[in-house]
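Novice: build me a model:
(one chain, ligands or ions: 1)
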Amino acid sequence: MVRRQTKKEIAKERIDILVKSALKEKDEALAARQAQQAKKIAMRFRVRLPYEARQLYCKKCKAFIVPGRGARVRVGSRAKTRAIRITCLRCGHTYRKILGWNKDL
Ligand SMILES: [Zn+2]
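Specialist: Numbering: from 1, shown residues only. Have a look, this model is predicted:
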């Protein structure tokens, strides 16, 4: 049986495509536009951005930051957690992301 996609599913798919192409896009202005569009779709259809995509927006200035391009990323490892520090090169805001727990390393 073929189930019809709900609007939310279609929205999620479009967001996914936009985020992926924004990541690959060499033209930063275009990447930023695609990223903003993905965010707009997420808001309109009240879907959450996928976890990986949420990491890509600066918490402070909301800019789309691609690790290695618009941001400086440092990976640190502690006893229990693996975390990365992301610094937005646009506003200088730094935040930490916990990648996971070391138990499965
Ligand atoms: Zn920023």
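
Novice: CA atoms for contacts and neighbours, from now on please.
Specialist: Noted.

Novice: show me this protein divided up by domain.
Specialist: Domain assignment for the chain by automatic domain parsing gives 1-55, 57-105.

Novice: distance from the longest one to the middle of the chain?
Specialist: Which is domain 1-55. 10 Å (Cα atoms, centre = their mean, to the nearest Å).

Novice: tell me the spacing between the residue most central in space within the chain and the ion.
Specialist: When Cα atoms, centre = their mean is applied to the chain, the residue found nearest the centroid is Ala53 (2.3 Å). Going from Ala53 to the ion by Cα to the ion, to the nearest Å gives 15 Å.

Novice: thinking again about what came up before, just send the domains of the chain back as TSV, with mean pLDDT too.
Specialist: Shown next, in TSV, are those (pLDDT from 0 to 100):
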stretch	mean pLDDT
domain 1-55	90
domain 57-105	75
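
Novice: look up the closest residue to Lys7, ignoring the ones flanking it.
Specialist: Phe45 (7.6 Å; Cα to Cα, 6 or more residues apart in numbering).

Novice: surely the one you found and Glu13 touch.
Specialist: No. The pair Phe45 and Glu13 does not pass the contact test of Cα atoms under 8 Å, sitting 11.9 Å apart.

Novice: isn't there a helix covering Leu30?
Specialist: Yes. Assigned with DSSP: H, G, I helix; E, B strand; the rest coil, Leu30 falls within a helix.

Novice: and it, how far from Lys7?
Specialist: From Leu30 over to Lys7 the distance is 25 Å, taken as Cα to Cα, to the nearest Å.
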